[in-house]
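Asks: Everything below, folded, please.
(4 chains)
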Protein chains: 2
Amino acid sequence: MTADQSHRRRVSLADVAREAGVSTSAASFALNGRTGVSEPVRERVKAAAEALGYVPWNSAVALRTGRSGAVALLIRNLRNPFFLDVINGFDATCATAGLAVIIGSADYSSDRERELVSTFIAREADGLALAPIGGGDAAARWQKSTGKPLVLINAANHSPQLDVSRAHVDSESAVRQAVDHLRELGHRRIAIVAAPHDRSADDERVDTFRAEMTRHRLEGRVVETAMQHDRAAEVVGAVMREDPATRPTAYITNSDYIASALYFAAAGAGVRVGEDISIVGHDDLSTSRLLAPALSTVAVDRFEIGVAAATLLIQELDGGERDTVVIPATLVPRGSSATAVN
Amino acid sequence: MTADQSHRRRVSLADVAREAGVSTSAASFALNGRTGVSEPVRERVKAAAEALGYVPWNSAVALRTGRSGAVALLIRNLRNPFFLDVINGFDATCATAGLAVIIGSADYSSDRERELVSTFIAREADGLALAPIGGGDAAARWQKSTGKPLVLINAANHSPQLDVSRAHVDSESAVRQAVDHLRELGHRRIAIVAAPHDRSADDERVDTFRAEMTRHRLEGRVVETAMQHDRAAEVVGAVMREDPATRPTAYITNSDYIASALYFAAAGAGVRVGEDISIVGHDDLSTSRLLAPALSTVAVDRFEIGVAAATLLIQELDGGERDTVVIPATLVPRGSSATAVN
DNA sequence: ATGAAAGCGCTAACAG
DNA sequence: CTGTTAGCGCTTTCAT
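Replies: I've put the predicted structure just below:
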């Protein structure tokens, strides 16, 4: 209606108020569904807002209220397809709650992780969901400097002193299922491929592995390697080339992503997966069953992890309790694990 | 130093200015690297900011300058691992430029795409990188209502009337290479699996396919299906069950993601990939070479697409020109494509 | 139930 | 070269 609406000037709350013939405060109350404004006025304001195509100016709200309406998702390694579905679930859940998602990948660098936390703090993210690198202090820094909600993803033992919400796979069960499976196939020398102790966010996997090995009097070996695809292939490849009489006959990995690196390693070392060696992955990516041989793995609902993380974050934002959600894991035996040959 | 610094009150520019003994405007100028402030003052301000751990309050800057310092990335389907690396490249490039990335997935829903654009507008994203669904008006709406920079990802023919930056694969070359490859293997009945015409963001693939089929007097067939994994498997599965004498002997897909759905379809239909039928994918995901049989595909640098999109966006944000970056495609023949059987 | 006014933290005129 | 000041659009207290 007004002439100044002409040239891509955003309509402000003041415009809406003017159009409705009320004060800005009345308009604000009306639009935010607060009491203290009569029904006719509320209707009039809503109509005006609609007519003018009013959209609240986010940074003004954020400046005033201290809430940005955005939450951050910080992933340790965005190259692993595992996190795709986690992002999806997280994103979908946040969208429903009207929250925007700011994303970042640490690429397994503590420096990058630290930087990103600073960025998210500066952007006043209302909450942080963090799949941390082992050993990082990102979680602690976030809590200390913001006091805002925090959810740790797949990091059951990370920062145990921190009282935070957590969403993670039941990895003890996952490891136990993998070990039992291989044990029943007759494997006695089993390796677990894991990030170096001080980089690992899921130490409990290795701990469980060690305990199981001891319990069943098996020869357990922890192969530590960086979680980059090619690096892992290299390191494990060397193990695969060791003396056949003493090298592991089976490998357990943290992810199908890394398991696929082991396929490369095996090819390079001239050992056949599902024959000379067995491999059990973790995640059950959709391509895993298409590998040659199909990858035995531990299935988890990745989307659900994202949903859980977002839900916990939102819950805490709404003043609710901190909580921990454990996502179940189910072994899916396929061709990559077979009877031990020696 | 000051007593009120005690209880998680954020340090503001005023605090820094006070600490340095200058005005806030001087502090602002100093920190933002503007001229009009003496070197000693600049040093003093920087030191004070450092000492106090000052971080600029983003929403205040945004409110004042109209720039949020965040760009949005809107992906049509975040389930396709293709986009993981795109996100990575985009994210990494934006991080370098000090830009935050807000992400969203349309999940092949125009409504969702529209909503997300509204969200990004409301959040005052400084720019938008969009891998659009075919037929959507998200790009146009963004441009019309914000006038801010826009980059279209993998949508060479989308919204041709829009003067925008674009980053996409050379898909004409990609299709041509795939067709030539299959042609040389003796295939004469070739299908391309694509999204329905009005949903497709990369029509030029189908157009090129049709042209090549005509040119070489081959029997081309366009199998239209939704780009959901299971849906595609279903639709193509039906084609694979048709009369062997007339059904296609080779399939070209838009993505390795969908190609893997064809593996499922083939298994269900009782036809052997790389024997009864040939498949050529597109993207060269890292798992593609591990499939059984290894997937013939067209390799593209996905990370680079993300980098290009971000670079174009940043370039335009800095007042630079609009531009188009075409990422090359290279055929990688593997086991899934073999000599035609009939 | 309503409006006037203060002010979130910052930048950019403007005045000195 | 430096400091004072006026808002950006919104929410929220405080009068009315």
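Asks: Buried by neighbour count: which residues of the helix or strand containing A:Ala140 qualify?
Replies: Per DSSP states H and E, A:Ala140 falls inside helix A:138-146. Using 16 or more other C-beta atoms under 10 Å in any protein chain shown as the test for burial, helix A:138-146 gives A:Ala138, A:Ala139, A:Ala140, A:Trp142, A:Gln143, A:Thr146. C-beta coordinates here come from the backbone N, C-alpha and C atoms, glycine included.
Asks: Does anything pack onto it? Which helices or strands?
Replies: helix A:110-122, strand A:127-130, strand A:150-153 (3 or more C-beta pairs under 8 Å, 6 or more residues apart in numbering or on different chains; DSSP states H and E).
Asks: Let's see that with 6 Å instead.
Replies: Packing contacts for helix A:138-146, counted by 3 or more C-beta pairs under 6 Å, 6 or more residues apart in numbering or on different chains; DSSP states H and E, involve helix A:110-122.
Asks: re the thing from before, by pLDDT, give me the weakest of the buried residues of helix A:138-146.
Replies: Ranked by pLDDT, those bottom out at A:Thr146 (87).
Asks: how about the strands in the stretch 51-200 of chain A?
Replies: Remark: strands assigned in the stretch 51-200 of chain A by DSSP state E, counting those that start in this stretch are A:70-75, A:100-105, A:127-130, A:150-153, A:165-169, A:189-194.
Asks: For the fifth one, give the mean pLDDT please.
Replies: Mean pLDDT, strand A:165-169: 97.
Asks: now swap in the third one and tell me
Replies: On average, the pLDDT along strand A:127-130 is 97.
Asks: coming back round to it: can you list the strands of the stretch 51-200 of chain A in JSON lines and add mean neighbour count and distance to chain B?
Replies: Formatted as JSON lines, those follow (neighbours: other C-beta atoms under 10 Å in any protein chain shown; distance: least, C-beta to the nearest C-beta, whole Å):
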{"stretch": "strand A:70-75", "mean neighbour count": "27", "distance to chain B": "7"}
{"stretch": "strand A:100-105", "mean neighbour count": "24", "distance to chain B": "5"}
{"stretch": "strand A:127-130", "mean neighbour count": "28", "distance to chain B": "13"}
{"stretch": "strand A:150-153", "mean neighbour count": "28", "distance to chain B": "15"}
{"stretch": "strand A:165-169", "mean neighbour count": "25", "distance to chain B": "19"}
{"stretch": "strand A:189-194", "mean neighbour count": "24", "distance to chain B": "17"}
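Asks: out of these, which comes closest to B:Ile102?
Replies: Of all the strands of the stretch 51-200 of chain A, strand A:100-105 sits nearest to B:Ile102, with 5.3 Å by C-beta to C-beta.
Asks: Distance from the closest one to the middle of the chain?
Replies: Its chain's average C-alpha position is 11 Å from that of strand A:100-105, according to C-alpha atoms, centre = their mean, to the nearest Å.
Asks: Who are the packing partners of that strand?
Replies: Using 3+ C-beta pairs under 6 Å, 6+ apart: strand A:100-105 touches strand A:70-75, strand B:100-105.
Asks: What residues does the stretch 1-150 of chain A have near chain B?
Replies: A:55, A:58-60, A:62-63, A:78, A:81, A:84, A:88, A:91, A:100-103, A:105, A:122-124 (C-beta under 6 Å from any C-beta of the partner chain).
Asks: from the residues you listed, which are also near DNA strand D?
Replies: Among these, proximity to DNA strand D is found for A:Ala60, A:Leu63 (C-beta under 7 Å from any atom of the strand).
Asks: give the contact list for the residue of the stretch 201-342 of chain A found nearest chain B.
Replies: At 3.1 Å from chain B, A:Ala292 is the closest residue in the stretch 201-342 of chain A, using C-beta to the nearest C-beta. Counting by C-beta atoms under 6 Å, 6 or more residues apart in numbering or on different chains, A:Ala292 touches B:Ala292.
Asks: re earlier: need the contact partners of the helix holding A:Ala140.
Replies: A:Glu113, A:Val117, A:Ile121, A:Leu128, A:Leu130, A:Pro132, A:Leu150, A:Ser159, A:Leu162.
Asks: go with 10 Å
Replies: Applying C-beta atoms under 10 Å, 6 or more residues apart in numbering or on different chains, the contact partners of helix A:138-146 are A:72, A:74, A:76, A:106, A:110, A:112-118, A:120-121, A:124-128, A:130, A:132, A:137, A:148-152, A:155, A:158-159, A:161-164, B:8, B:10, B:53, B:55.
Asks: Return the member of the buried residues of helix A:138-146 nearest to chain B.
Replies: A:Thr146 (8.1 Å).
Asks: picking up where we left off before, which one of the strands of the stretch 51-200 of chain A lies closest to B:Glu304?
Replies: strand A:100-105 (16.3 Å).
Asks: any idea of the mean pLDDT for that closest one?
Replies: 94.
Asks: what's the answer for stretch A:17-25, then?
Replies: On average, stretch A:17-25 scores 91.
Asks: So is it next to DNA strand D?
Replies: Yes - counting by C-beta under 7 Å from any atom of the strand, DNA strand D has neighbours in stretch A:17-25: A:Thr24, A:Ser25.
Asks: From the chain's centre, how far out is that stretch? Work that out for me.
Replies: The answer for stretch A:17-25 is 44 Å, by C-alpha atoms, centre = their mean.
Asks: and what of stretch A:247-259?
Replies: The gap between where stretch A:247-259 is centred and where its chain is centred comes out at 21 Å by C-alpha atoms, centre = their mean.
Asks: in it, what counts as buried?
Replies: Buried residues in stretch A:247-259 (16+ other C-beta under 10 Å): A:247-259.
Asks: The residue nearest to A:Thr311 when sequence neighbours are not counted: neighbour count?
Replies: Spatially, and ignoring its direct neighbours in sequence, A:Thr311 is nearest to A:Thr93 (6.0 Å; C-beta to C-beta, 6 or more residues apart in numbering or on different chains). Residues lying near A:Thr93 (other C-beta atoms under 10 Å in any protein chain shown) number 21.
Asks: And for A:Ala106?
Replies: If we define neighbours as other C-beta under 10 Å, then A:Ala106 has 24 of them.
Asks: measure it to A:Ser165 for me?
Replies: 20 Å (C-beta to C-beta, to the nearest Å).
Asks: ok, now A:Lys144?
Replies: Taken as C-beta to C-beta, the span from A:Lys144 to A:Ser165 is 17 Å.
Asks: tell me the phi and psi of A:Glu219?
Replies: phi -90, psi 100 (degrees, to the nearest 10).
Asks: likewise the one 3 residues further on?
Replies: Note on A:Val222: backbone dihedrals following degrees, to the nearest 10 are phi -100, psi 110.
Asks: thinking again about what came up before, from the contacts of helix A:138-146, list the buried ones, please.
Replies: A:72, A:74, A:76, A:106, A:110, A:112-113, A:116-118, A:120-121, A:124-128, A:130, A:132, A:148-152, A:155, A:158-159, A:164, B:10, B:55.
Asks: ok, and of those, which contact DNA strand C?
Replies: B:Arg10.
Asks: before we move on, the earlier item: a markdown table please, covering the strands of the stretch 51-200 of chain A and showing distance to B:His181.
Replies: Converted to a markdown table, these look like this (distance: least, C-beta to C-beta, whole Å):
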| stretch | distance to B:His181 |
| --- | --- |
| strand A:70-75 | 36 |
| strand A:100-105 | 35 |
| strand A:127-130 | 44 |
| strand A:150-153 | 42 |
| strand A:165-169 | 41 |
| strand A:189-194 | 36 |
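Asks: I'd like to know which of these is closest to B:Asp284.
Replies: strand A:100-105 (21.0 Å).
Asks: Could I get the contacting residues of the residue nearest to A:Ala106 when sequence neighbours are not counted?
Replies: The shortest distance from A:Ala106 to any non-neighbouring residue, by C-beta to C-beta, 6+ apart, is to A:Glu113 (3.9 Å). Contacts for A:Glu113 (C-beta under 10 Å, 6+ apart) come out as A:74-76, A:104-107, A:130, A:132-133, A:135-139, A:141.
Asks: Now do A:Glu113, the pLDDT please.
Replies: 94.
Asks: How about the residues of the stretch 51-200 of chain A by DNA strand D?
Replies: Checking the stretch 51-200 of chain A against DNA strand D by C-beta under 7 Å from any atom of the strand, the hits are A:Tyr54, A:Pro56, A:Trp57, A:Ala60, A:Val61, A:Leu63, A:Arg64, A:Thr65.
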